[in-house]
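S.K.: next come a sequence and a model predicted from it.
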Amino acid sequence: MYKVVNKERLHEIIYSMWIEAPEVASSVQPGQFIILMIKEKGERIPLTVADFNREKGLIRIVFQIVGKTSEELSTLEEGDKLFSFIGPLGKETEIRNYGKVITVGGGTGIACIHPITRALKEAGNEVISIIGARNKELIIMEKELKLASSELIVTTDDGSYGRKGFVTQVLKELLDKDKSIKKIWTIGPPIMMKVTCETTKHYPVETIVSLNSIMVDGTGMCGSCRVTIGGEAKFVCTDGPEFDGQLVDWEEFSNRLSRYKGSEKKSWDLYHQHNHTCNCGGRTN
Amino acid sequence: MAEMIPVKERMKREQVSMPEQGPKGRIYNFKEVPLGYTQEQAIYEAQRCLQCKNPKCMKGCPAEINIPKFIEKIVEEDFAGAYLEILKTDDLPAITGRVCPQEEQCQQVCILEKQRKPIAIGRLERFVADWARKNNIHGSLPQISKKEQKVAIVGSGPAGLTCAADLAKLGYEVTIFEALHQPGGVLVYGIPEFRLPKSIVEYEVKEIEKLGVKVITNFVVGATRSVDELTREFDAIFLANGAGAPRFMNIPGENLNDVYSANEFLTRSNLMKAYAFPEYDTPIKIGKRAATIGAGNVAMDSARTALRLGAEKSYIVYRRSRKEVPARAEEVHHAEEEGIIFNFLTLPVKVLGDDKGNVMGMECLKMELGEPDDSGRRRPIPIPGSNFVIEVDMVIDAIGASANPIVARSATGVEINQWGYFIIDDKTKTTTKEGIFAGGDIVRGSATIISAVGDAKVAARAVNEFLSSGKSLRKSK
């Protein structure tokens, strides 16, 4: 179980893997996440599901190297097995026919927005997807997103591909010219989701974000992932991961994401001292 | 074989105390604190047992152990026999021997308790189980012919394991579903290594697996599969998923970075072995001054863990007085020996932090005791204007748990009460849906390991009765 059946390098530091997990694949829904452990001494990390294949019993994960665990994960090859892989966790995206909707993905959030976009389109929505990254190389899964949505707009900060600028600029233009947009989903780095919410706050459209907090069990037992939503403490693992972005306390959310910065660096440094096997160029986070 | 000594002599003897790791050294390691009886000590203690004709101790044991009989075997130096005697009803003897509150159970009703020196039943049970493990003595496999009916058990904590063992011994095909990557539930994520070594839990789980019980880890009932789906594959289900969700004080500053629920703090340290970071990848905050809110066993575990992780000062902050402390006397004693500082009649009102989310202190109010409340304990009342700040850099909420809803949400027809716990018929542990049973903390709220074991034994009998009468969840479709 939990065998890596396919591995693909999407970018220097971004990887895609299809994992054999038939129990998870048979019940997963768009918007949900899994928790994995590479080995017995490893940590439990949550990753939003990027795709699934029920017949073959496979789950696709896409991750960026940001620390020791993600780097170690990137060294697994096809045929290797994960120690633990649980899910599907969290609530699924509320998929129904809203009419016209927008999905926005940034960084590896592009992968997470993918199954949501596809399901929204399958439910009859007209889905405009906006995906963005710093440069052309960091734009991942463009083909999949093109297929999953009614219209795809790509942006890069440096203009090396698609439209130059941030996803929020395109989003603002769309909202200004089209009043029929019913709902927005946005997944990406916290700062991008926060800025997206600031952009959409002046429009009468709900913006859903998907939070990726630090978790341990992921089933509501530990409360590590708690975040303030509209003044109330919620658990990302069982109440989320999707929330109304306008209600999120972004400062607290970002602070809590940095809880283990010191330890993470120590772990990363030690790992690099002992066995630096990736090709990340010694990038530190 | 040791000699039986005259009753008069037995009454004269004092209870044999158990050797322990001294407090000065143990606060720097996670090794077990009590070291267990030697053979000589166990025999000497066992000889004190009066072998009552009408043993009260047995009525005080939810695990239904024939206590006088196993103690008699110790006197006879038949330790294997003593082990097999315990195993007849308790498949977790090294665990219950360590973490049962015997002083409130079997030992409380021991006839010698009147002289304040009851037989140390727990220590003897632990001795027997440890001896058997070291000497490779195993229980016999069930001789009964296999039955066709299948039972699903949700959760591999003390209730789940016990029910599974009892049903496997009756010949049923039993599958335990565990959400985490390791079986044991609270025994592995909650109770620290220094109270219950994880190798012992692992061993007793393996012994239960040998009875034919299948344990599936990484399987979250309520997420991977619903209880409703399980009813299509299993003839009966026992829900023992534990209390689950942590409770918070709901005071300002509680989401600062270094505020933990006891569940998170202990799970990181125990299950994920964060105390061995960076050998293990899971990190944990090493606070210089840690405040644990609450005074139950979980609070003692948290405060003592913080100390071992490197805290210079580890406080217990409790709104009531010493008299009302709910933790076992032994745990409080160990905590005090180790230098845990108790702040009684103290109510946290705010956690103070800097702009990066780090904890800088905790503002508290002094309390005084008023009239008795619903629990019969004197109600703590805040003294206005008594605010003061305890200088701490981390806070652990150990004020209890509430029901985790994910299992219940997936079980149609299984009703819960206003607190989210399953409603059951106490005699049979049957939920509001026939064929689905429940026990342990997901029924009782935060209780003890042994009450979970007790529930499981009652439930196992009821499951057997249900299935023996030809009923099945699958047939009721």
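M.R.: Nice, I can see it. Numbers count the residues shown, from 1 in each chain, chains lettered A, B, ... in the order given.
S.K.: okay, the residue of the stretch 101-250 of chain A found nearest chain B: pLDDT?
M.R.: Distances from the stretch 101-250 of chain A to chain B, computed as Cβ to the nearest Cβ, single out A:C222 as the nearest residue at 3.8 Å. C-betas here are computed from N, CA, C, even on glycine. In the predicted model, A:C222 carries a pLDDT score of 95.
S.K.: give me the below-cutoff pLDDT ranges for chain B.
M.R.: Across chain B, the ranges flagged by pLDDT under 70 are B:476-477.
S.K.: for A:T155, name its beta-bridge partners.
M.R.: Each beta-bridge partner of A:T155 is listed here, defined by DSSP bridges: A:G132, A:R163.
S.K.: quick check: A:I95 vs chain B, distance?
M.R.: 18 Å (Cβ to the nearest Cβ, to the nearest Å).
S.K.: now the longest helix seen in chain B: buried residues?
M.R.: Among all segments of chain B classified by DSSP state H, the helix with the greatest residue count is helix B:449-468. Within helix B:449-468, the residues that qualify as buried are B:449-464, B:466-467, counting by 16 or more other Cβ atoms under 10 Å in any protein chain shown.
S.K.: go ahead and confirm the residue of the stretch 101-250 of chain A closest to chain B touches B:S261.
M.R.: Yes. Here A:C222 lies in contact with B:S261, judged by Cβ atoms under 8 Å, at a distance of 6.2 Å.
S.K.: which residues do these two both contact?
M.R.: Counting by Cβ atoms under 8 Å, 6 or more residues apart in numbering or on different chains, the shared contacts of A:C222 and B:S261 are B:P246.
S.K.: let me see the contact set for the residue lying closest to B:A462 once chain neighbours are set aside.
M.R.: Of all residues beyond its chain neighbours, the one nearest B:A462 is B:T428 (3.9 Å), with distances taken as Cβ to Cβ, 6 or more residues apart in numbering or on different chains. Contact criterion Cβ under 8 Å, 6+ apart gives B:F437, B:V458, B:A459, B:A462, B:E465 as the residues in contact with B:T428.
S.K.: where does the residue in the stretch 1-150 of chain B positioned nearest to chain A sit: helix, strand or coil?
M.R.: Nearest to chain A in the stretch 1-150 of chain B, going by Cβ to the nearest Cβ, is B:F30, at a distance of 15.6 Å. For B:F30, the secondary-structure state derived from DSSP: H, G, I helix; E, B strand; the rest coil is coil.
S.K.: in chain A, which helix or strand is least confident?
M.R.: Using mean pLDDT, DSSP states H and E, the weakest-scoring helix or strand in chain A turns out to be helix A:261-274, at a mean of 89.
S.K.: any buried residues in that one, and which?
M.R.: Buried positions in helix A:261-274, judged by neighbour count with 16+ other Cβ under 10 Å: A:S263, A:E264, A:S267, A:W268, A:Y271, A:H272.
S.K.: can you redo the residues you listed as TSV with distance to chain B?
M.R.: What follows is those, written out as TSV (distance: Cβ to the nearest Cβ, whole Å):
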residue	distance to chain B
A:S263	3
A:E264	7
A:S267	5
A:W268	10
A:Y271	9
A:H272	12
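S.K.: nearest to A:M192 among those?
M.R.: Minimum separation from A:M192 among those (Cβ to Cβ) is found for A:E264, which lies at 20.9 Å.
S.K.: excluding its backbone neighbours, what's nearest that closest one?
M.R.: A:G67 (4.9 Å).
S.K.: and for B:L473?
M.R.: B:G435 (4.0 Å).
S.K.: report how many residues lie close to the one you found.
M.R.: Around B:G435 there are 21 other residues, counting by other Cβ atoms under 10 Å in any protein chain shown.
S.K.: what does B:E76 give?
M.R.: Other residues lying near B:E76 total 15 when counted by other Cβ under 10 Å.
S.K.: and it, how far is that from A:R163?
M.R.: When distances are taken as Cβ to Cβ, to the nearest Å, B:E76 and A:R163 turn out to be 86 Å apart.
S.K.: then B:T448?
M.R.: 63 Å.
S.K.: the more surrounded of the two?
M.R.: Neighbours were counted for B:T448 and for A:R163 using other Cβ under 10 Å; B:T448 has more, 21 against 16.
S.K.: adjacent strands (with direction) for the helix or strand hosting B:Y260?
M.R.: For B:Y260, the host element (DSSP states H and E) is strand B:259-261. Note on strand B:259-261: by DSSP bridges, its sheet partners are strand B:394-397 (parallel).
S.K.: residues in contact with the next helix or strand after the strand it pairs with?
M.R.: Tracing the chain C-terminally past strand B:394-397 and defining elements by DSSP H and E, one meets strand B:401-403 next. Judged by Cβ under 8 Å, 6+ apart, the contacts made with strand B:401-403 from elsewhere in the structure are B:243-247, B:263, B:416, B:419-421, B:441-442, B:445-446.
S.K.: my guess is B:L230 contacts B:V221, does it?
M.R.: Yes. Counting by Cβ under 8 Å, B:L230 sits close enough to B:V221 to count as a contact (6.9 Å).
S.K.: overlap in contacts of those two?
M.R.: Contact with both B:L230 and B:V221 is made by residues B:V154, B:F177, according to Cβ under 8 Å, 6+ apart.
S.K.: those two: which is more packed in?
M.R.: Remark: of B:L230 and B:V221, B:V221 carries more neighbours, 26 against 21, as counted by other Cβ under 10 Å.
S.K.: check which residues of the next helix-or-strand element following the strand holding B:Y260 are buried.
M.R.: Using DSSP H and E, the next helix or strand after strand B:259-261 towards the C-terminus is helix B:262-266. Of the residues in helix B:262-266, those scored as buried under the neighbour-count criterion (16+ other Cβ under 10 Å) are B:A262, B:N263, B:E264, B:F265, B:L266.
S.K.: and after helix B:262-266, which helix or strand comes next?
M.R.: Counting by DSSP H and E, the next helix or strand C-terminal to helix B:262-266 is strand B:289-293.
S.K.: wait, what's in contact with B:N387?
M.R.: For B:N387, the contacting residues are B:V349, B:E363, B:C364, B:L365, taking Cβ under 8 Å, 6+ apart as the criterion.
S.K.: give me that answer again for 10 Å
M.R.: Going by Cβ atoms under 10 Å, 6 or more residues apart in numbering or on different chains, B:N387 touches B:V349, B:K350, B:E363, B:C364, B:L365, B:K366.
S.K.: what pairs with the helix or strand containing the last one, and is each one parallel or antiparallel?
M.R.: Spelled out, that is B:K366. Remark: B:K366 resides in strand B:359-372, with elements defined by DSSP H and E. Sheet neighbours of strand B:359-372, with direction, are listed as strand B:346-353 (antiparallel), strand B:378-382 (antiparallel), strand B:388-390 (antiparallel) (DSSP bridges).
S.K.: dump those strands to a markdown table, plus mean neighbour count.
M.R.: Compiled in a markdown table, these are given as follows (neighbours: other Cβ atoms under 10 Å in any protein chain shown):
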| stretch | mean neighbour count |
| --- | --- |
| strand B:346-353 | 20 |
| strand B:378-382 | 17 |
| strand B:388-390 | 14 |
